[in-house]
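Colleague: Would you be able to build a 3D model of this:
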Amino acid sequence: METFTFCVTEDMEGIRIDKCLTSLMDSLSRSYIQKLIDGGQVLVQGHTVKANYRVRNEDLLRITVPDAAQPDILPEDIPLDILYEDDDLLVVNKPKGMVVHPAPGHYSGTLVNALLYHCQGSLSGIGGICRPGIVHRIDRDTTGSLLVCKNDFSHAAIAAQLKEHSIRRRYTAIVHGVLKEDGTVNAPIGRHPADRKRMAVNRQNGKEAVTHYHILEHYAEHTYLSCELETGRTHQIRVHMSSIGHPLLGDTVYAPGRKSRFALEGQCLHAQLLGFRHPRNGTYIETSAPLPEYFERLLAILRSGK
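Modeller: Sure thing, here's the model as predicted:
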């Protein structure tokens, strides 16, 4: 259990206390802070308040955060589409809707649960108890290639390749609008200033992010693209394509105002190609994940012009 104390400054005056504390403690979500407020774990001048309380200049805020309970992460017999495997690592073709590692609200049915069963616990431990074997991630609704490490040696070697941007990662995507030519988006990405759950082009506090895109096909209102990453920032392709006015089809986070006539569950984004040097012998390995059925079906509809 840990307690934090803050003094409200003049520029915060009038802000709801749940929003104020979210900005002060970016490691906690607003909904979690609201639960702490409801449970009496947040005090203002020594008194409990409601989540809609608006803070005043020089208010003394005291928030107590309980120790997080560490859940048991159990192996589950979930089928895996394995593109490559040896004693050090494997590449899996992650399906749409599968969460990569356990997190609040998702402690079963994740890729990690499936990996613990398939690998019989033989996974790298560098990522911690909730992320064994996981050296990089893709979003829940993004499909395709994901590299998993079976031991700490391979994990450290692959992490080094990720850091130096030498791993090749090519995605396919369908975006709103008709792009006229290939291009590159070179714009730093960081947390959205008003919504910590989103990322944004952030030229003040963002990290370098570079995405190259190549047009594969044009349609009446959409474009089919290939996107190659130089860097690997959270939601990079989704943020970059949205920033140039061509958000991904089906993306409810970065294209909330764009209506789609297609019944989609999340963004049309597929991690198709993954290339890396093997940590043991330096041999270059490249895998390709076939397009998922929903993606192929959508392409057929767009090509037909219906």
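Colleague: nearest residue to Gly177 other than its sequence neighbours?
Modeller: Of all residues beyond its chain neighbours, the one nearest Gly177 is His246 (4.7 Å), with distances taken as Cβ to Cβ, 6 or more residues apart in numbering. In this view, the C-beta of every residue, glycine as well, is placed from N, C-alpha and C.
Colleague: To clarify, my last question referred to Met241.
Modeller: Ranked by Cβ to Cβ, 6+ apart and with sequence neighbours excluded, the top spatial neighbour of Met241 is Val175, at 5.3 Å.
Colleague: A strand includes that neighbour, no?
Modeller: Yes. Secondary structure of Val175 (DSSP: H, G, I helix; E, B strand; the rest coil): part of a strand.
Colleague: now the helices for the stretch 1-150 of the chain?
Modeller: Taking DSSP state H, counting those that start in this stretch as the test, the helices found in the stretch 1-150 of the chain are 17-24, 30-38, 111-118.
Colleague: how deep is Gln120 tucked in, by neighbour count?
Modeller: Neighbour count for Gln120, taken as other Cβ atoms under 10 Å: 9.
Colleague: State the distance from it to Leu162.
Modeller: Going from Gln120 to Leu162 by Cβ to Cβ, to the nearest Å gives 26 Å.
Colleague: Contact partners for the residue nearest to Gly177?
Modeller: For His246, the set of contacting residues under the criterion of Cβ atoms under 8 Å, 6 or more residues apart in numbering consists of Val175, His176, Gly177, Leu179, Thr223.
Colleague: Check whether the fourth one really touches Glu217, as I assumed.
Modeller: No. Using Cβ atoms under 8 Å, Leu179 is not in contact with Glu217, being 10.7 Å away.
Colleague: Now for these two: what residues contact both?
Modeller: Residues touching both Leu179 and Glu217 (Cβ under 8 Å, 6+ apart): Thr223.
Colleague: Which of these two has more residues huddled nearby?
Modeller: Summary of the neighbour comparison: Leu179 and Glu217, criterion other Cβ under 10 Å, with Leu179 having more neighbours (19 against 12).
Colleague: can you list contacts of the helix or strand where Ile215 lies?
Modeller: Element membership of Ile215, judged by DSSP states H and E, is strand 210-218. In this structure, residues lying in contact with strand 210-218 by Cβ under 8 Å, 6+ apart are 172, 178-179, 181-186, 223-231, 236-237, 240-241, 299, 302-303.
Colleague: Give me the number of neighbouring residues for Ser226.
Modeller: Ser226 is flanked by 16 other residues according to other Cβ under 10 Å.
Colleague: cool, the one 5 residues further on as well?
Modeller: Number of residues near Thr231 (other Cβ under 10 Å) recorded here: 16.
Colleague: Surely it touches Glu164?
Modeller: No. Contact status for Thr231 versus Glu164: not in contact, 10.8 Å apart, counting by Cβ under 8 Å.
Colleague: All the strands of the stretch 101-250 of the chain, residue numbers only.
Modeller: Listed from the start of the chain, the stretch 101-250 of the chain has strands (DSSP state E, counting those that start in this stretch) covering 143-149, 168-176, 183-186, 189-191, 199-201, 210-218, 222-229.
Colleague: List of residues touching the first one?
Modeller: By Cβ under 8 Å, 6+ apart, the list of residues contacting strand 143-149 from outside reads 83, 88-96, 100, 111, 115, 123-124, 126, 133-138, 155, 158, 167, 169, 171, 269-274, 276, 287-289, 292, 295.
Colleague: For Gln41, give me its contacts.
Modeller: When contacts are counted by Cβ under 8 Å, 6+ apart, Gln41 touches Ile63, Thr64, Val65, Pro66.
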